[in-house]
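J.: how would this look folded up:
(2 chains)
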Amino acid sequence: GDSVTQTEGLVTLTEGLPVMLNCTYQSTYSPFLFWYVQHLNEAPKLLLKSFTDNKRPEHQGFHATLHKSSSSFHLQKSSAQLSDSALYYCALSEGGSSGNKLIFGIGTLLSVKP
Amino acid sequence: EAAVTQSPRNKVAVTGGKVTLSCNQTNNHNNMYWYRQDTGHGLRLIHYSYGAGSTEKGDIPDGYKASRPSQENFSLILELATPSQTSVYFCASGVRGNTEVFFGKGTRLTVV
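T.: This is a model prediction of the structure:
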């Protein structure tokens, strides 16, 4: 079945350094990929979504590129901020008529320190 | 912004008891989901629905039932609660699977 893999459980960075959180996936179809962010004691909310064309989605300084050849959708930011500390989930949906199932990875906790 | 309301927000249940978690959305979204969140496992899909009257099994449906009596409401039912079902449960809704979903604030369930 479909699956999402996030290899890092915890990423600790110093403020100002670049961020890269890994996400790879397995899917029978051509899925849509998402990044959700969850701050402490809050609900997850959408950060980014892949496009069907080659546009690179960006939001709050974060960006991600869908690479179908490597089945990856890594999240990047050029300079980490303290407020970026949160739990980040990569998620997958098949889309189309069968695309009602939304599957999440195990999440990566990003801790940004001064 | 889309509103998803979960009740109760906190629940303590006894082993073997029946627990019902409720979710209401006023966004007229077709899809609704129930997830549980556990450290080391992330958000795992229990049941989902793509409209009133439909329920589909997610990845970990054992021990759970779901009910979607209307577009707005989606319930998760634990007929015989066990301590392994202690977790934080999130309900979410969305227009379709390939669009943004909106989460409720979660229900913290403790089974003793």
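J.: tell me which residue is most central in the chain.
T.: Defaulting to chain A. residue A:35 (3.3 Å; Cα atoms, centre = their mean).
J.: ah, no, chain B please
T.: Short answer for chain B (Cα atoms, centre = their mean): residue B:34, at 2.9 Å.
J.: alongside chain B, which residues does chain A contribute?
T.: Listed as neighbours of chain B in chain A under the rule Cβ under 8 Å from any Cβ of the partner chain: A:1, A:6, A:9, A:32, A:34, A:42-46, A:49, A:89, A:91, A:93-96, A:99-107. (Each C-beta comes from the backbone N, C-alpha and C, glycine too.)
J.: any of these buried? List them.
T.: A:6, A:32, A:34, A:43-44, A:46, A:49, A:89, A:91, A:93-95, A:99-107 (16 or more other Cβ atoms under 10 Å in any protein chain shown).
J.: what pairs with the helix or strand bottoming out on mean pLDDT in chain A, parallel or antiparallel?
T.: Least confident helix or strand, chain A: strand A:58-59 with a mean of 78, by mean pLDDT, DSSP states H and E. Taking DSSP bridges as the criterion, strand A:58-59 forms sheet pairs with strand A:62-64 (antiparallel).
J.: flag every residue of chain B that's near chain A.
T.: Within chain B, the positions lying close to chain A (Cβ under 8 Å from any Cβ) are B:31, B:33, B:35, B:40-45, B:48, B:50, B:56, B:58-59, B:90, B:92, B:94, B:96-106.
J.: these, buried ones only, as a ChimeraX selection?
T.: The buried subset of these, as determined by 16+ other Cβ under 10 Å, is captured in ChimeraX by this line:
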select /B:31,33,35,42,43,44,45,48,50,56,58,90,92,94,96,97,98,99,101,102,103,104,106
